[in-house]
Every structure is written in C-alpha cells, then in structure tokens.
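K.L.:
take this sequence and fold it.
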Amino acid sequence: MSDTLKRLKELLVNRLNLKVKLDEIQEDTQLFGSAGLGLDSIDVLELIVGIKKEFGVEIIDREMAEKIFTSVGALAKYIDDNQQSVVDA
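P.N.:
This next block holds a predicted model:
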C-alpha cells in the first residue's frame, strides 16, 4: 500500500492545495477537523474526482464514503482494494 499511500498524499497536497508537507501526513491522519487536514465537503468532491482520474476508482456510495473518508490510511486501503478488483476484472 505504500505506493498508493504516497500517490494519495501527493494528490491531497497538490489537488487541494494543502499547506502541509507530504511527510506530515500519516496513515492515521484524519481528513476532517482541526486535528487533521481540515477538509470540507468541496474538498471531498474534488478529491473524489482526483481519485477517479489518478487511480480509476469511483466512490459513488455516500454510506461507503462516510466510512472511508475518515483517515488517509482508510482511503488508501479502499483505493487498493477497489483498484485490484478493477485490474482483476
């Protein structure tokens, strides 16, 4: 998962213009709130588009999105799991 995690961190910083360094983002870094990256709903929409373009993974189920948009690691795992099924298909 390290390659996916690295690419996801780059996507977060570059696409969302975050003012953090890549090495400051860990797997357990929360996406929302002041203790995390502080993303909002507009950032999430932008991130969903970026993930589809970068990884070929779609996130269309709101319930699933609420589960995976908790931390950087949870999102990376979802990408890994679903990218694999796209490759296997």
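K.L.:
counting by contacts, list what the helix or strand of the chain with the lowest mean pLDDT packs against.
P.N.:
Least confident helix or strand of the chain, by mean pLDDT, DSSP states H and E, is helix 72-88 with a mean of 82. Here helix 72-88 touches helix 2-15, helix 41-55, helix 62-68, going by 3 or more Cβ pairs under 8 Å, 6 or more residues apart in numbering; DSSP states H and E. (C-beta placed from N, C-alpha, C; glycine too.)
K.L.:
how about 6 Å then?
P.N.:
Applying 3 or more Cβ pairs under 6 Å, 6 or more residues apart in numbering; DSSP states H and E, we find helix 72-88 packed against helix 2-15, helix 62-68.
K.L.:
Ile79 is nearest to which of the ones you listed?
P.N.:
Nearest of these to Ile79, taken as Cβ to Cβ: helix 2-15 at 5.4 Å.
K.L.:
quick check: closest non-adjacent residue to the most centrally placed residue in the chain.
P.N.:
Most central in the chain under Cα atoms, centre = their mean is Leu75, positioned 4.6 Å from the mean C-alpha point. Once flanking residues are discounted, Leu75 sits nearest to Ile68: 5.3 Å by Cβ to Cβ, 6 or more residues apart in numbering.
K.L.:
I figured that neighbour hits Ala74, correct?
P.N.:
Yes: counting by Cβ atoms under 6 Å, Ile68 touches Ala74, with 5.1 Å between them.
K.L.:
these two: which is more packed in?
P.N.:
Set side by side, Ile68 and Ala74 show more neighbours around Ile68, with 19 against 16, by other Cβ atoms under 10 Å.
K.L.:
and the contacts of stretch 74-85?
P.N.:
Met1, Thr4, Leu5, Leu8, Phe55, Val57, Ile68 (Cβ atoms under 6 Å, 6 or more residues apart in numbering).
K.L.:
once you drop chain neighbours, what's closest to Lys21?
P.N.:
Val13 is the one closest to Lys21 (Cβ to Cβ, 6+ apart), at 7.9 Å.
K.L.:
perfect, I'm done here.
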